[in-house]
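# Quick one: sequence and predicted model below, then my questions.
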Amino acid sequence: MPKVSVIIPSYNRAHLIADTIQSVLAQTFRDYEIIVIDDGSTDNTRDVVSAFPVRYVRQDNRGVSSALNKGIEIARGEYITFLGSDDVLLETAFEKGTQILNSHSEVGFSFGQAYLMDERGHIFGLIKSSFLRRSSIVDGKEIIREMLTTYTVPIVTTMVRRRCLDTIGGFDETMKMAEDRAFHVSIAKLYPVAYIAEPLIKYRVHSGSISAAPRLEEMEKYNSIVLERIFNDKELGPLFRGQRCNAYFELYYRLAGHAYSCGMMNTARSYLFRSIRAHPRSGFRGLGGPCMSLFAKTWLPLPFLDSYHRGKQYIRIIVNRKLRSVES
C-alpha cells in the first residue's frame, strides 16, 4: 500500500497536466500513487495521461468536489494530498509533508506556502500564513481564526490523514466554490494543524483558472456559507462571534479586488461600500491606505490600468529573478 495518494482532478487541462504529473514523479519521497480523476474532459486528457504511471478514472462532469471525493474513495494511501492539474510541485513537497505527519500523530493535516505562477511559468507572488513565521504545530482553531479574514491555506499544499477524512466525510459537494475552505474548517475544528513555512508548490494563476473567473455572486454566496457555519457552530460560534463584522469586511474587500481585476469597476465600488458598512472601523481605518487606493483606481481608464498592471508584473518578475540568482 502506498504511503501517499495524490489526487489530481482535471477538466480540459491536457496541455498542462503532463507538467503536473512530471512534478509528482520528480519527488524526493517515492512511496506514492497518482490518481487522476478526469471530470468529463472533452480534450485529449486521456491520451496524455496514458503515458504516465497513474490510476486514471473518468466521470461525467460533476465539479471539483465530486472529483476529489471520487479520488478519496479509491485512494489507498495513509496520507492524501490534492494537486491542481495546472500546478507544479516543488521536489521536496511530499518529503516535508510526510515528515511532519510521521512525527506528530495528533496532527490532522499539514499545509505550506505556495508560489504564485503566471501562464508563462513566471513566479510573481507567495501565499503564506498571515501570522505564523516559522514551521509550527498549532491548534486547528487558530487556523480557523486566520481563515475568517484571510485564506492562506492552499488546498494544493495540504496533506491530510486518511482517518481524518473518514471522520469528516470528504468534500461538501453542495459547495460549488469555497469547498476547500469548508473542508479545512471541518478538519481544523477537530485536530491540530501543521504549518510548513516553505514553498511547496507553484500555483498557476491564469485566465482559465476558476479563481480568476468573475463569478462574484457565487464567491460571495459560498464564502458566506462557510462563515455562517463557523458563527452558528455551537463550539466555534462563541469563540469567533466577535469577529463577524471584520470577517465580512474582509470578504467584501476581497470581492472588490476580484471585481476590479476583472474590469468591473462599478461592482468593485459597490463591494467596497459594503465592506465599510460591514465594519466601519476597519473601513475608515483603511481609507488612507488600501481601501482608498482601490477606490481611486476604480475610476481610472481601463487601458491605463492594463498598462499599469503589465508594468507591475514585469517588475515583479525581474525582481524575483534577481533574488533567485543571488540566492543561488
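In hand now; what should we look at? Numbering: from 1, shown residues only.

# quick one: contacts for the nearest residue to residue 127 once chain neighbours are set aside?
Nearest in space to residue 127, with sequence neighbours left out and distances taken as CB to CB, 6 or more residues apart in numbering, is residue 114 at 4.4 Å. Glycine gets a C-beta too; all of them are placed from N, C-alpha and C. Shown in contact with residue 114 (CB atoms under 8 Å, 6 or more residues apart in numbering): 126-127, 154, 156-157, 199-203.

# Any of those buried? List them.
Among the contacts of residue 114, those scoring as buried are 127, 154, 156-157, 199-203 (criterion: 16 or more other CB atoms under 10 Å).

# mind listing the helices in the chain by residue range?
17-25, 45-49, 64-74, 93-103, 140-149, 162-168, 179-188, 216-232, 236-240, 244-261, 265-278, 280-285, 290-297, 302-327 (DSSP state H).

# what's the first one packed up against?
Contacts of helix 17-25 with other secondary structure elements, assessed using 3 or more CB pairs under 8 Å, 6 or more residues apart in numbering; DSSP states H and E, are made with strand 4-10, strand 32-39, helix 45-49, strand 88-89.

# in its sheet, what does the second one sit against?
Taking DSSP bridges as the criterion, strand 32-39 sits next to strand 4-10 (parallel), strand 55-59 (parallel) in its sheet.

# Which residues does that strand contact?
Counting by CB under 8 Å, 6+ apart, 2-11, 17, 21, 24, 45-46, 49, 52-59, 61-64, 66-68, 70-71, 74-77, 85, 94 sit against strand 32-39.

# What of the first one?
By CB under 8 Å, 6+ apart, the residues outside strand 4-10 that reach it are 17, 20-21, 24, 29, 31-39, 41, 45, 54, 64, 67-68, 71-72, 75-85, 94, 97-98, 159.

# among the contacts of strand 32-39, which ones are buried?
So, by 16+ other CB under 10 Å, the buried ones in those are 3-11, 17, 21, 24, 45, 49, 52, 54-56, 63-64, 66-68, 70-71, 75, 77, 85, 94.

# Longest strand of the chain, counting residues only.
strand 193-204 (DSSP state E).

# So for it, mean pLDDT?
Averaging pLDDT along strand 193-204 yields 96.

# Now do that strand against helix 17-25, angle only.
If you take axes from the mean of the first three to the mean of the last three CA atoms, to 10 degrees, strand 193-204 sits at 140 degrees to helix 17-25.

# Let's see strand 193-204 as PDB, backbone CA atoms only.
This file holds the C-alpha atoms of strand 193-204, laid out as PDB (Å, rounded to 0.1, in the frame of the first residue of the first chain):
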ATOM      1  CA  VAL A 193      -2.600  21.600  12.200                       C
ATOM      2  CA  ALA A 194       1.000  21.700  11.000                       C
ATOM      3  CA  TYR A 195       2.300  24.700   9.000                       C
ATOM      4  CA  ILE A 196       5.400  24.300   6.800                       C
ATOM      5  CA  ALA A 197       7.000  27.700   6.400                       C
ATOM      6  CA  GLU A 198       8.400  26.900   3.000                       C
ATOM      7  CA  PRO A 199       7.000  27.000  -0.500                       C
ATOM      8  CA  LEU A 200       5.800  23.500  -1.600                       C
ATOM      9  CA  ILE A 201       4.200  24.200  -5.000                       C
ATOM     10  CA  LYS A 202       3.900  26.600  -7.900                       C
ATOM     11  CA  TYR A 203       0.200  27.500  -8.000                       C
ATOM     12  CA  ARG A 204      -0.700  28.600 -11.500                       C
END
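
# What strands flank that strand, and is each parallel or antiparallel?
strand 88-89 (antiparallel), strand 109-117 (parallel), strand 136-138 (antiparallel).

# could you dump the helices and strands packed on helix 17-25 to CSV with distance to residue 298?
Converted to CSV, the helices and strands packed on helix 17-25 look like this (distance: least, CB to CB, whole Å):
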stretch, distance to residue 298
strand 4-10, 35
strand 32-39, 36
helix 45-49, 39
strand 88-89, 34
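
# Which one of the ones you listed lies nearest to residue 279?
strand 4-10 (35.5 Å; CB to CB).

# mean confidence for that closest one?
98.

# check contacts around residue 221.
Contacts of residue 221 by CB under 8 Å, 6+ apart are residue 177.

# Pop the domain breakdown of the chain in here.
4-210, 214-297 (automatic domain parsing).

# what residue ranges in the stretch 151-300 of the chain score low on pLDDT?
206-214, 281-293, 295-296, 299-300 (pLDDT under 70).

# If we use 80, what do you get?
The model of the stretch 151-300 of the chain has pLDDT under 80 over residues 151, 206-214, 261-263, 281-300.

# per-residue pLDDT, residue 41?
pLDDT, residue 41: 96.

# how near is residue 112 to residue 199?
Distance, residue 112 to residue 199, by CB to CB, to the nearest Å: 7 Å.

# who touches both of the two?
Joint contacts of residue 112 and residue 199 (CB under 8 Å, 6+ apart) do not exist.

# residues touching the closest residue to residue 196 other than its chain neighbours, list them.
Nearest in space to residue 196, with sequence neighbours left out and distances taken as CB to CB, 6+ apart, is residue 112 at 3.6 Å. Residue 112 makes contact with 93, 96-97, 154, 157, 195-201, according to CB under 8 Å, 6+ apart.
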